[in-house]
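Engineer: Let me see the structure of the following:
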Amino acid sequence: MTDSPLRVVVAKPGLDGHDRGAKVVARALRDAGMEVVYTGLHQTPEQIVEAAIQEDADAIGLSVLSGAHMTLFAKVVELLKERDAADIVVFGGGIIPEADIPELDKLGVAKVFTPGATTTEIVEWVRGNVSPQ
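Structural biologist: Numbering: from 1, shown residues only. Presented below is the predicted three-dimensional model:
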C-alpha cells in the first residue's frame, strides 16, 4: 500500500453549464487530502478519460444535470475499458432518476449520488471504495 493521496478527476461532461456542485465536491475531496483535478465545463468523454489517464487518477467523478447521464457515463466507462484503464473507479451524481441507477451500476458506475448527498458522505465513500493505484 502506498501513502500517496488519492487522485480524483472531477468532470462536467456534455453541454450542462451548471458546475457549482462539481466545484463543491472537488473542494471537499481536496480538503479531505485528495489530489483533485477539475476539468471544467463541457468536456467530452474522450477528454475526461484522457485527463484521468494523464493524471494517473484513481477515480473519475462525473457531474451530470442535463439528463444525458446514461449516454455520458456509459461512454466514459467504455473508453476506460478501451484504454486498458478500467481500474479507474467511476462515480458521479446529479439529477439522475432512481430508476436509472441500477442500469448505471450494470454499466460499471461504482456509485451514484443523488441530490441531497452530503460532501461528507461523498468523501467517506471515496475513501472507502477507491484505492491508490
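
Engineer: okay, which residue is most central for the chain?
Structural biologist: Most central in the chain under Cα atoms, centre = their mean is G61, positioned 1.2 Å from the mean C-alpha point.

Engineer: ok, it - contacts?
Structural biologist: Counting by Cβ atoms under 8 Å, 6 or more residues apart in numbering, G61 makes contact with 8-11, 22, 25-26, 29, 91-93, 126. C-betas here are computed from N, CA, C, even on glycine.

Engineer: Counting by contacts, list what the longest helix anywhere in the chain packs against.
Structural biologist: The helix that spans the most residues within the chain, counting by DSSP state H, is helix 69-82. Counting by 3 or more Cβ pairs under 8 Å, 6 or more residues apart in numbering; DSSP states H and E, the packing neighbours recorded for helix 69-82 are helix 45-54, strand 59-64, strand 89-94, helix 101-107.

Engineer: what's the angle from it to strand 59-64?
Structural biologist: 160 degrees (axes from the mean of the first three to the mean of the last three Cα atoms, to 10 degrees).

Engineer: Next, the buried residues of helix 69-82.
Structural biologist: 69, 72-77, 79-80 (16 or more other Cβ atoms under 10 Å).

Engineer: So which of those residues is the closest to V109?
Structural biologist: If you rank the buried residues of helix 69-82 by distance to V109 using Cβ to Cβ, F73 comes first, at 5.2 Å.

Engineer: correct me, but the closest one touches V64?
Structural biologist: Yes: between F73 and V64 there is a contact under Cβ atoms under 8 Å: 7.3 Å.
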